[in-house]
Structure formats: structure tokens, C-alpha cells
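# Give me a model of this one.
(chains A and B)
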Amino acid sequence: RKEVEQDPGPFNVPEGATVAFNCTYSNSASQSFFWYRQDCRKEPKLLMSVYSSGNEDGRFTAQLNRASQYISLLIRDSKLSDSATYLCVGRIYNQGGKLIFGQGTELSVKP
Amino acid sequence: DVKVTQSSRYLVKRTGEKVFLECVQDMDHENMFWYRQDPGLGLRLIYFSYDVKMKEKGDIPEGYSVSREKKERFSLILESASTNQTSMYLCASSTPQVSGNTIYFGEGSWLTVV
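Numbers count the residues shown, from 1 in each chain, chains lettered A, B, ... in the order given. Model (predicted):
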């Protein structure tokens, strides 16, 4: 079983739609979680950190449920520019701070 | 502006060649990482280093070695390149801080082994 698992998609949605990505993790030593965005043939870039209390950044909302070992990302009012691959990431601090990546969920927003 | 630089962006090497991928960061970060990314498999950790001359194996270290002689430089070495090492390689660096996210990626090195 992968340490961080995501639905690979692709998710094809129209502009303006709301889309939700889910992620589960198996390593309870993972202490911090993030969502990264990766455009085609580019490096991943941080989208947002994920907190147990839930956090919002504009159209993006992230949530962490430690009891269920579950992370989510909600994108409201999708834009064409949101088309990318979204990576769920856990960070394990007692192992040198290494990042554990999910395989990514591909999002395609259509006009 | 903070920077992680991978000097070789696109390489084509022959099977059996020794390949060096260099990564330099200018942020005085303790931790550095090498990942490879393949379609359907995501990013997988090859090696990481949390201090000069220190290294730890990641999830897929076979066929690779690393060198960290200076804090700012972390090199990935393919002793004898094979076609299954064709991939995109990403270097990253970070502080060891618990809170927040201070992880930066290089732009990636696309390696083709023929």
C-alpha cells in the first residue's frame, strides 16, 4: 500500500464547477501535510499547507482529519488556469523531514 | 529570491555511462533531497541528506549514489546508467523546522538513457 494515495483522475470539469480531491495516508508519523500544484513538465509548487482546523485560501479549502488519516482539497469556481496535477504530500520530521508524495490527481478545466 | 538550481536540464546518455546530476541551493538549507518522477508513479524519494557528508536512502536507492561534500551542493550519481533510469529527476532543499513549509524544488532534470 502506498503511504499517500490519491485518485489519479483525470477530473474533467467545466469552468465554474466545484471539484474535490481526496487523499489518504498510512504513515501516522506524518506530521505535516500540503497540497502542491504541478504544471506539465514543471516542478511542483506549494499550493497550501493543510491544518486540522481546516484552512482556506481564496477559492481553495484544505482539510485534514487525523483520526481518519484523510486529507481533502476543495476548489470552488474552477478556472481554466486551475488545470494541473495536484499532489497530496506528507512530511515526516523524524525521518529528516522527507516528503512523501501521492501520485497526483490530474485536473482539466474546460471552457 | 531563493533558488535551487539543477545545472543539467536535459540529458541524453548511453547505457552504461556514469551520470552526474548536480543540485545547488543558495538558502543555507540543511536538508536536501533527490526524487524521480514517472507517469503513474508520482515522485519517489531516491536519497536525502540532512547534513554535509550525511546521506540516507529513500525508497528507491538502487542504482544510485549521492555525494554531499558541501552544504549547498547535493549530487546524484548513476554509476552505470540503464534505460529504466530514464525519468525526470527533481532536487529539493529545506530547513529541518517542524512548522511551516520551507521546501523548494529545482526545475528538474530530464534524463534519457538510450
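# what's the neighbour count on the nearest residue to residue B:60 once chain neighbours are set aside?
Excluding its sequence neighbours, the residue lying closest to residue B:60 (Cβ to Cβ, 6 or more residues apart in numbering or on different chains) is residue B:44, at 5.1 Å. Backbone N, C-alpha and C define where each C-beta goes, glycine included. The local packing of residue B:44 (other Cβ atoms under 10 Å in any protein chain shown) involves 17 other residues.
# got a list of what residue B:44 touches?
Residue B:44 sits next to A:101, B:35, B:36, B:37, B:38, B:58, B:59, B:60 when contact means Cβ atoms under 8 Å, 6 or more residues apart in numbering or on different chains.
# Apply 10 Å and report the result again.
Residues near residue B:44 by Cβ atoms under 10 Å, 6 or more residues apart in numbering or on different chains: A:100, A:101, A:103, B:34, B:35, B:36, B:37, B:38, B:58, B:59, B:60, B:87.
# Next: residue A:74.
So residue A:74 contacts A:18, A:19, A:20, A:21, A:54, A:56, A:59, A:60, A:61, A:62, A:63 (Cβ under 10 Å, 6+ apart).
# ok but it is inside a helix, no?
No - read with DSSP: H, G, I helix; E, B strand; the rest coil, residue A:74 is strand and lies in no helix.
# what's across from it in the sheet?
Beta bridges link residue A:74 to residue A:20, residue A:61, judged by DSSP bridges.
# Give me the most central residue, chain B.
Nearest residue to the geometric centre of chain B (Cα atoms, centre = their mean): residue B:34, 2.7 Å.
# Show me what the residue in chain B that chain A sits nearest to bridges to in the sheet.
In chain B, the residue that lies nearest chain A is residue B:42 (3.5 Å; Cβ to the nearest Cβ). Beta bridges link residue B:42 to residue B:38, judged by DSSP bridges.
# Tell me what residue 57 is bridged to.
No chain in the question, so chain A it is. On the basis of DSSP bridges, residue A:57 is bridged to residue A:60.
# meant chain B, my bad for not saying
The partner residues for residue B:57, given DSSP bridges, come to residue B:47.
# least trustworthy helix or strand in chain A by mean pLDDT?
Every helix and strand of chain A was ranked by mean pLDDT, DSSP states H and E. The lowest is strand A:98-101, at a mean of 83.
# Likewise for chain B?
In chain B, no helix or strand scores lower on mean pLDDT, DSSP H and E than strand B:103-105, which sits at a mean of 86.
# For the longest strand belonging to chain A, name the packing helices and strands.
Criterion DSSP state E: the longest strand present in chain A is strand A:84-92. If you count contacts as 3 or more Cβ pairs under 10 Å, 6 or more residues apart in numbering or on different chains; DSSP states H and E, strand A:84-92 packs onto strand A:4-6, strand A:19-25, strand A:32-38, strand A:45-50, strand A:70-75, strand A:98-101, strand A:105-110, strand B:42-49.
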